[in-house]
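Enquirer: how does the following fold in three dimensions:
(one chain, ligands or ions: 2)
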Amino acid sequence: MKILITGGAGYIGSHTIVELLESTDWSLVSIDNYSNSSPDTYRRIEEITGRKVEHEDVDLRDEQAVDACFDRHRFDGVIHFAALKAVGESVEKPLEYYENNVGGLIHLIKAQRKYGVKYHLFSSSCTVYGTPPSLPVTEDSPIGKSESPYGFSKVIGERILSDCALQWDMDVLALRYFNPVGAHTSGKLGELPLGVPNNLLPYITQTAAGHRDKLTIFGDEYPTRDGTCIRDYIHVTDIAKAHIMGMRRLIDGLQEHSFDFINLGTGNGVSVQEIVDAFKETNQVDLPYIIGPARPGDIAAIYADNGKAREKLMWTPQLGLDDMVSSAWKWQCHLDQSL
Ligand code: NAD
Ligand code: UFG
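Expert: Ligands and ions are numbered 1, 2, ... in the order given. Down below sits the predicted model:
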């Protein structure tokens, strides 16, 4: 098996490469344009696994470069992580997001069709549900109104893949991640947010490390148990492992339909306040914070029903909240030491 990883230098892609190298004998090629990462990530992966990662500098927006890459390698499957992912930025730069996330996907599918590459795992998001009518969110929940061009690019991506899988010999699985957090347990690999982080966990670790004055909790008057928003935080290593199970399911021909989609979450809703408390308690560090106004576009609560992932992928999340906050903190400390 030869697998193309797009966006393999990024957060989830790099953790998936580690798991693939450690538990499969598939050969891998990662492509990235480093718009939100650095090739240094491959050195980190090598340090953890003792294995080299074959990688190429390819931009998915460049159709010819994508085609040439498929021509050079005879891939059996694709795990497609590469995308722009900042929700707020996508509102300001909608065309950049559609060109990158939708245009890039189209180039990839065209090459898959031309070179007969059958399997595709797609990084989707719980954002496709919008504000869900009921909780926990099962895969039967309807696709909701997208709050941003980023969110809509995932809805369109799933639709394009579903339409193409019906027409051509392709088997596609969209994995709808909830909130991936944490870092590799070694502390040597993690998320590298550029600039001021938008997401909660990187903001917390940078604040605890003294790079930011304080965390602002966005709102405490939501109709939740403590007034702060609830999300389904899931360890990035658990997410990574699900890709191996997903790809095996495709290869073994076990998927009932040419296109399917599966939630990846723990099934537990955790509030912002609970994350803050768990971070302080587990790591025994101080974390200055204030309560601020609600962030526009945030929904009060969302968490997954992960029954389908358990049944179809035989996947069970192994890591809990303590592992998430401790690995994130270990990674922050590792980064600061190497400055
Ligand atoms: P990331 O930004 O860390 O990784 C994405 C990688 O893709 C980066 O290395 C970036 O340089 C690369 N890339 C972007 N555009 C490219 C292009 N045109 N050509 C080649 N490479 C390109 O993001 P991540 O958190 O690892 O997310 C991976 C996937 O998971 C994305 O599709 C994202 O939308 C999806 N997702 C992420 C989250 C999350 O919270 N992290 C949640 C749901 C879904
Ligand atoms: N939050 C704060 N303070 C911060 C940052 C976040 O209180 O400084 C809160 C948010 O209000 C939210 C929670 O922490 O309640 C999580 O926020 P994130 O930005 O970390 O994550 P989101 O749930 O908003 O968004 C994530 C991904 C998106 C994806 C979305 C799907 O970042 O890419 O899940 O719901 F689209």
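Enquirer: where do the helices sit along the stretch 1-150 of the chain?
Expert: Using DSSP state H, counting those that start in this stretch, the helices of the stretch 1-150 of the chain run over 11-23, 40-49, 63-72, 87-92, 94-97, 104-114, 149-167.
Enquirer: buried stuff in stretch 26-35?
Expert: If you call a residue buried by 16 or more other CB atoms under 10 Å, then stretch 26-35 has these buried ones: 28-33. From N, CA and C alone the C-beta is placed, and that goes for glycine too.
Enquirer: list of residues touching that stretch?
Expert: For stretch 26-35, the surrounding residues in contact (CB atoms under 8 Å, 6 or more residues apart in numbering) are 1-10, 13, 17, 20-21, 39, 42, 53-61, 69, 73, 75, 82, 84.
Enquirer: let's see that with 7 Å instead.
Expert: 1-9, 13, 17, 20, 53-59, 69, 73, 82 (CB atoms under 7 Å, 6 or more residues apart in numbering).
Enquirer: which of those residues are buried?
Expert: Buried members of the contacts of stretch 26-35, scored by 16+ other CB under 10 Å, are 3-9, 13, 17, 20, 53, 55, 58-59, 69, 73, 82.
Enquirer: strands - which of those residues land there?
Expert: If you go by DSSP state E, the buried ones among the contacts of stretch 26-35 have 3-6, 55 in strands.
Enquirer: and residue 10, how many neighbours?
Expert: For residue 10, the count of nearby residues is 26 (other CB atoms under 10 Å).
Enquirer: now it: closest residue in space, sequence neighbours ignored.
Expert: residue 37 (4.8 Å; CB to CB, 6 or more residues apart in numbering).
Enquirer: tell me the contacts of the one you found?
Expert: Residue 37 neighbours (CB under 7 Å, 6+ apart): 9-10, 192.
Enquirer: just residue 173 next, same as before
Expert: Residue 173 sits next to 121, 246, 249-250, 255, 260, 262 when contact means CB under 7 Å, 6+ apart.
Enquirer: now swap in residue 138 and tell me
Expert: Contacts here follow CB under 7 Å, 6+ apart; on that basis residue 138 touches residue 305.
Enquirer: how far away is it from ligand 2?
Expert: For residue 138, the distance to ligand 2 (CB to the nearest ligand atom, to the nearest Å) stands at 16 Å.
Enquirer: please apply the same query to residue 155.
Expert: Distance check for residue 155 against ligand 2: by CB to the nearest ligand atom, it reads 11 Å.
Enquirer: residues from this protein in reach of ligand 2?
Expert: 85, 87, 125-127, 151, 179, 198-200, 203, 215-218, 229, 231, 272, 295, 298 (CB under 6 Å from any ligand atom).
Enquirer: go ahead and build a ChimeraX selection from the buried members of those.
Expert: For the buried members of the residues of the chain next to ligand 2, the matching ChimeraX selection, counting by 16+ other CB under 10 Å, is:
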select :85,87,125,126,127,151,179,199,200,203,215,217,218,229,231,272
